[in-house]
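Trainee: need the 3D shape of this:
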Amino acid sequence: MTRSPSRALRRDLYAAGAAALLVTAAVLVGRHIQDTRHTLFVSWPPLLANWDPHLGPGTPAAVLVAAATIVYGPALAARLPWRALLPAAWGTATAWIFSLALIDGWHRGIARRLTTRYEYLQVIDRFDDIHGTLRTFTDHILLGSPDHWPAHIAGHPPAATLTFVLLDRVGLRGGGWAGVWCIVVGATACVAVLVTIRALADETLARRAAPFLVLAPAAVWMGTSADAYFAAVAAWAVALLALAVTRGSLWCAGASGLLFGLTCYLSYGLTLVALIAAAVLVLARPRPVLLVPLLAGLAVVPTVFTLAGFDWWEAYRLLVTRYNQGAGGIRPYGYWVWANLACTVLITGLATAAGLRRTGAVLLRRERGDRSDARRLALLVAAALLALLVADLSGMSKAETERIWLPFAVWLLPACAFLTRPRGWLLAQALLALLLNHLLRTGW
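Mentor: A predicted model of the protein is given here:
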């Protein structure tokens, strides 16, 4: 029996309302815990942010990009040739991220973000001898070790820091270039997701998802956080895998493996992207021959770093020890295990909450008329949600998940392709991002 559109819309609104209540609870409970026990180590729980209403030079551009995407985005996404849609999506996403970042001004919004005492650019000079630094990298992870690494360097494998070292070596020095790199590369994540949806599911669904991928509230934290760059690398690894298994391309399989290997050396937690990759393999059932270049490519980056003297497993073990020592404070698991999900609502928006409801409905339906492409997209989104939940339950991501989980969040946004009345939902997404960026001074 077919459900009426009005009934489905009411259920979408219920899902969005429940998500809003989760955020409200996280804010109120978080304020109480922070004011009484001071154990959350964030100023505006559940986000690492401060209450500070403000306008900035990026305000007019952000409003203009949002309005244009809401009014024209769905129609253009449906009509543009595919080869034109992809660069248009990338360009609009880049403009959206840049304009939101510039609400805080060039210096605070972009140029200074990656130069604070926790960030990668603080240790560029310690990589003059890259090979020597890699050999002794694990000696500086623990808080009690001599010249211990700042938080983000210790918290990631060295490929993350080496990215900015190499940018410095080629002349793109300083926080401005590092910020631009993260924004421009990070914005390509939406293109990778579109490519994946088209390859595995359906071009129509990809086109319907495009405006939501472009106008994501996650853009507040993609400008500027290195996690935006990590998200793009991981997304392209999945996209190339989808192309490999649907086209039988050995080159795409090898390139996908190479990027998956790099992903694991950018962030320890991104090993969970393997769950999304597994969903791709299950959906496409590739020829066994494709596994050869995939695994060969996957081995390249780990082999290079291991031969250079960096032990990934030892580094991760030491990082867990540092985390348990209280790096960043001993944050209560009982709050963050659900407040992290409120952070996810804030980076993916209420539209995604409604889209996830529809995703669940697609997976649960067994009606004869169900389209297989919709189920394929639903399974891909479900795999991303599973990866995020595993990361949450692990307890290794307590707070700051508004940036840490960007690589997973970009795969939840396609759930919005199932929504009707896209302009209304896009308006909700844009308003959320604009309010967050204008009312709060975010930490990233």
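
Trainee: chain center to stretch 149-168, what's the gap?
Mentor: Taking C-alpha atoms, centre = their mean, to the nearest Å, the mean C-alpha location of stretch 149-168 is offset from the chain mean by 18 Å.

Trainee: what about dumping the CA coordinates of it to PDB?
Mentor: Extracted C-alpha coordinates of stretch 149-168, given in PDB (Å, rounded to 0.1, in the frame of the first residue of the first chain):
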ATOM      1  CA  TRP A 149      54.100  16.600  19.700                       C
ATOM      2  CA  PRO A 150      51.300  19.100  19.900                       C
ATOM      3  CA  ALA A 151      47.800  17.600  20.000                       C
ATOM      4  CA  HIS A 152      47.000  17.200  16.300                       C
ATOM      5  CA  ILE A 153      50.400  16.000  15.300                       C
ATOM      6  CA  ALA A 154      50.400  13.300  18.000                       C
ATOM      7  CA  GLY A 155      46.800  12.500  17.300                       C
ATOM      8  CA  HIS A 156      47.400  11.600  13.600                       C
ATOM      9  CA  PRO A 157      49.800   9.500  11.600                       C
ATOM     10  CA  PRO A 158      52.600  11.600  10.000                       C
ATOM     11  CA  ALA A 159      51.100  11.800   6.500                       C
ATOM     12  CA  ALA A 160      48.800  14.500   7.900                       C
ATOM     13  CA  THR A 161      51.700  16.700   9.000                       C
ATOM     14  CA  LEU A 162      53.800  15.800   5.900                       C
ATOM     15  CA  THR A 163      51.100  17.300   3.700                       C
ATOM     16  CA  PHE A 164      51.800  20.700   5.100                       C
ATOM     17  CA  VAL A 165      55.500  20.100   5.200                       C
ATOM     18  CA  LEU A 166      55.400  19.400   1.500                       C
ATOM     19  CA  LEU A 167      53.300  22.500   0.800                       C
ATOM     20  CA  ASP A 168      55.900  24.500   2.600                       C
END
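
Trainee: what mean pLDDT does it have?
Mentor: Averaging pLDDT along stretch 149-168 gives 97.

Trainee: list the buried ones in that stretch?
Mentor: Buried residues in stretch 149-168, counted by 16 or more other C-beta atoms under 10 Å: 149-150, 152-165, 167-168. C-beta here means a position set from N, CA and C on the backbone, and glycine is covered the same way.

Trainee: kindly report the same for stretch 98-105.
Mentor: Buried positions in stretch 98-105, judged by neighbour count with 16+ other C-beta under 10 Å: 98, 99, 100, 101, 102, 103, 104.

Trainee: outside of the helix or strand that contains the fourth one, which residues touch it?
Mentor: For residue 101, the element it lies in under DSSP states H and E is helix 82-101. Defining contact as C-beta atoms under 8 Å, 6 or more residues apart in numbering, one finds that helix 82-101 is touched by 58, 61-62, 64-66, 69, 73, 76-77, 80, 109-110, 179, 183-184, 186-188, 190-191, 194-195, 198, 203, 207, 210, 213-216, 219-220, 222-224, 228, 433-434, 437.
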